[in-house]
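Enquirer: next comes the sequence, and after it the predicted model I'd like to discuss.
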Amino acid sequence: MESTALKPQAMFDVSSNMLSTDKIIYYKSIAHSLPTHTLTQRQVCDLELILNDGFFPLTGFMNKADYDHVLSNMRLANGTLWPMPITLDVTAEFVANLKEGTEIALRDAEGMLLAILQVNDIWKVNKEQEAQQVFGTTDNTHPAVAYLYQQVKDFYIGGKVYGIALPLHYDFNHLRFTPSALREEFKLRGYKKIVGFQTRNPMHRAHQELTIRAAEQTGANVLVHPVVGMTKPGDIEYHTRVRCYEHVVKIYPTNTAMLSLLPLAMRMGGPREAIWHALIRKNYGCTHFIVGRDHAGPGKNREGKDFYQPYAAQELALHYQSEMGVEIIPFQEMVYSHQQKRYFPIDQFPPSETPAAISGTELRDRLRKGTDIPEWFSYPAVITELRKAHPKLHKQGFTVFMTGLPSSGKSTLANALAIRLRELTERQITLLDGDVIRTHLSRGLGFSQEDRETNVTRVGFVAKEVTRHGGVAICALVSPFAKARAIVRQMISEVGGFVEVYIATPLDVCEARDHKGLYKNARAGLVKQFTGISDPYEEPTAPEVKVDTSNMNPHAAIDLLIQQIKKLGYIA
């Protein structure tokens, strides 16, 4: 099928995805009677870029024909180049009473009505197929594959969306340009050629050097266009990054560069994502786009190998640049010469010298340890911002997440650990015990897998907030399912430390010490759902600490926990 070329003039029209005022009033008046879907964080990002034409030519969440074509050949059903599926995932219960033509109210987490979706298609997702075709792997160490397996619901709904309002943002609004507003800003500044720079990390000297070279090479101005939606778990949160970008943009020569924020939920899809990023920047008015080494790479797989070849993204983007209408500017890694006091692309580095570079992992390690970060690597103002956001490990918040069978000793150890930590640290300690949580935070939840996972993620949310604000959360839950534990680990690792403790007490010991008689009732069939008897327990495969309390007294167990927490650096 021949590709359908994008019409440049259409990208400069006002978005047709937003409803007129009278229709907005109408839909607001009837929205309470429509089926309502509360959007996830990623769905909100996707919807915003559909509504503001950042995802042009998409006018809604993909139907099955478009989805299938994107998976198989990176094109919509009409042949238009588009490499990434943009889908709305929902539960089986939600789709039970839906049919073609049904209108659904799409709301954010606070209940604000953002759009109406008219159902065109409903289908059950094949997650393994999507993972393999889009990301080239089913390995769940790939963050997008993990998200697909752990958080995406089982059904997709496709259909056009009709915009009521763009998502509200309360921060950095002076930097949040829609595509049409950004193109207008380029006109006001007199920018004719614009080279877009994608990033999800802070900018340092090498990044600025790279963008300046790209601008000189093309005669273009620079758009620093960082992602402030979802990025890779563990990345530096965007508030810190934006403050860093603001410092860096001031260092460019006058009127050569500007900063705008992109509300994109990244998939870390390597080569496919490079094409996606270029198409999005075309919609925002860029004429050129920088694709660097390992663009949007997710890191290493389960075997310790890179998911994608370092320059695969450049090769694929260059192959499609003519069709995209965006000139791709490929760049190699930039490294520093101490002798010449300047940066070089690594393929142009003087062969007689040794290149200097600091990896992201090394930078994070230096921040954690408070060791020196040289000025040849970054700017003093950027380093200051990063140090504010990354106190040494022994000053960060962290969560100790204890999991194990009922009566394995979790509550006893959690209480003892809380008392011991109050002796060793001035941080505030919060104890989140399973029985107490069930009485208060999760009252009304049952013991189905879905309810159990909801209970665990609720606790994870509370622990995340405790950790974010520099405290210590100690969680003691059965938490039998690996999926829910992985979600909690990801949530908390974004804001601080996470220590999973597997209380590996054998089943027979747990049963013998059960003073509540729960195991006995479960054996007798009086309790239908009980972990270890009628329900499974999925053992952690790589906990930070493993403790068997069957032959270890509480004092020895707590000594072991404290020793490991100190070894990890969370206690000085």
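Expert: Perfect, I can see it now. Numbers count the residues shown, from 1 in each chain.

Enquirer: can you spell out the domain ranges of the chain, please?
Expert: Listed domain ranges for the chain are 8-163, 173-389, 393-568 (source: automatic domain parsing).

Enquirer: take those and lay them out in CSV including mean pLDDT and mean neighbour count.
Expert: (C-beta placed from N, C-alpha, C; glycine too.) As requested, these are arranged in CSV below (pLDDT from 0 to 100; neighbours: other C-beta atoms under 10 Å):
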stretch, mean pLDDT, mean neighbour count
domain 8-163, 93, 17
domain 173-389, 94, 18
domain 393-568, 90, 18
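
Enquirer: can you report phi and psi for the closest residue to T256 other than its chain neighbours?
Expert: Excluding the flanking residues, the one nearest T256 by C-beta to C-beta, 6 or more residues apart in numbering is N221, at 5.8 Å. Backbone torsions for N221, taken as degrees, to the nearest 10, come to phi -90, psi 160.

Enquirer: so what's A77 up against?
Expert: Neighbouring residues of A77 by C-beta atoms under 8 Å, 6 or more residues apart in numbering: A65, D66, D68, H69.

Enquirer: tell me the SS of the nearest residue to it once chain neighbours are set aside?
Expert: The shortest distance from A77 to any non-neighbouring residue, by C-beta to C-beta, 6+ apart, is to A65 (4.2 Å). Three-state call for A65 (DSSP: H, G, I helix; E, B strand; the rest coil): helix.

Enquirer: distance of A65 from Q132?
Expert: Distance of A65 to Q132, given as C-beta to C-beta, to the nearest Å: 20 Å.

Enquirer: also E539?
Expert: Distance from E539 to Q132, by C-beta to C-beta: 27 Å.

Enquirer: now M334
Expert: Applying C-beta to C-beta to M334 and Q132 gives a distance of 34 Å.

Enquirer: cool, E100 as well?
Expert: 29 Å.

Enquirer: try P271
Expert: From P271 over to Q132 (counting by C-beta to C-beta), the distance is 15 Å.

Enquirer: equivalent analysis for P391, please.
Expert: Taken as C-beta to C-beta, the span from P391 to Q132 is 41 Å.

Enquirer: ok, K193 - contacts?
Expert: With contacts defined as C-beta under 8 Å, 6+ apart, K193 is in contact with T218, G219, A220, N221, T287, H288.

Enquirer: the first one against H288, yeah?
Expert: In other words, T218. Yes: counting by C-beta atoms under 8 Å, T218 touches H288, with 5.2 Å between them.

Enquirer: circling back: and the residue nearest to T256, what does it touch?
Expert: By C-beta under 8 Å, 6+ apart, N221 lies in contact with F186, R189, Y191, K193, I194, V195, A215, N255, T256, A257, M258.

Enquirer: would you say the third one is within a helix?
Expert: In this case it means Y191. No: according to three-state DSSP, Y191 belongs to no helix; its state is coil.

Enquirer: which residue, other than its chain neighbours, is closest to it?
Expert: Ranked by C-beta to C-beta, 6+ apart and with sequence neighbours excluded, the top spatial neighbour of Y191 is N221, at 4.5 Å.
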